[in-house]
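Participant: what shape does this take:
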Amino acid sequence: MEITRPEEYEKEYNDCAVRALSLAANIEYAKVHSAFQLAGRKDKHKVRCDKIISKVANLLGINIKLIKRSGSAAKLIKQYPKGRIFVLKSKHAFTIIDGVAHDLQGDLSRIKRAWLIQ
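Facilitator: Residues are numbered from 1 along each chain as shown. As a prediction, the model looks like this:
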């Protein structure tokens, strides 16, 4: 499943973290986009998510818990077959919901960080 952005953001890019967190937390794209901007992300630019995700979560009023520092997403899915997880790979962010990866680019082999949305 690919995560889509609203029409008013159609020219936005490098926003995989915004799209992934929007889906993982079930919060509309515009609110998540604004939270990332307040945390320091510039439009159409990549961001070091691992550095600002706590601030973004606080701005959105959601609780997150770091559950994986590195390893394979396949093992992560086995450990957490249920739940909503925000995942960072090298140069990409995606979501796992109830064991299914959404907006994954490439394979499930290596992840850098993963947070459980509580």
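Participant: which parts of this protein are strands?
Facilitator: 64-68, 84-89, 92-97, 100-102, 113-117 (DSSP state E).
Participant: packing partners of the shortest one?
Facilitator: Here strand 100-102 touches strand 92-97, going by 3 or more C-beta pairs under 8 Å, 6 or more residues apart in numbering; DSSP states H and E. Where C-beta positions appear, they are placed from N, C-alpha and C, glycine not excepted.
Participant: how distant is the longest helix anywhere in the chain from the center of its chain?
Facilitator: Counting by DSSP state H, the longest helix found in the chain is helix 49-60. Centroid separation for helix 49-60 versus its chain: 11 Å, with C-alpha atoms, centre = their mean, to the nearest Å.
Participant: please apply the same query to stretch 6-13.
Facilitator: Per C-alpha atoms, centre = their mean, the centroid offset for stretch 6-13 relative to its chain is 17 Å.
Participant: what of stretch 43-57?
Facilitator: 10 Å.
Participant: what stretches of the chain score poorly on pLDDT?
Facilitator: Judged by pLDDT under 70, the chain has its weakly predicted residues at 1-3, 45.
Participant: just to revisit the earlier point, possible to save the strands of the chain as CSV with mean neighbour count and distance to Arg5?
Facilitator: Output for those, formatted as CSV (neighbours: other C-beta atoms under 10 Å; distance: least, C-beta to C-beta, whole Å):
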stretch, mean neighbour count, distance to Arg5
strand 64-68, 16, 22
strand 84-89, 24, 17
strand 92-97, 22, 14
strand 100-102, 16, 14
strand 113-117, 20, 19
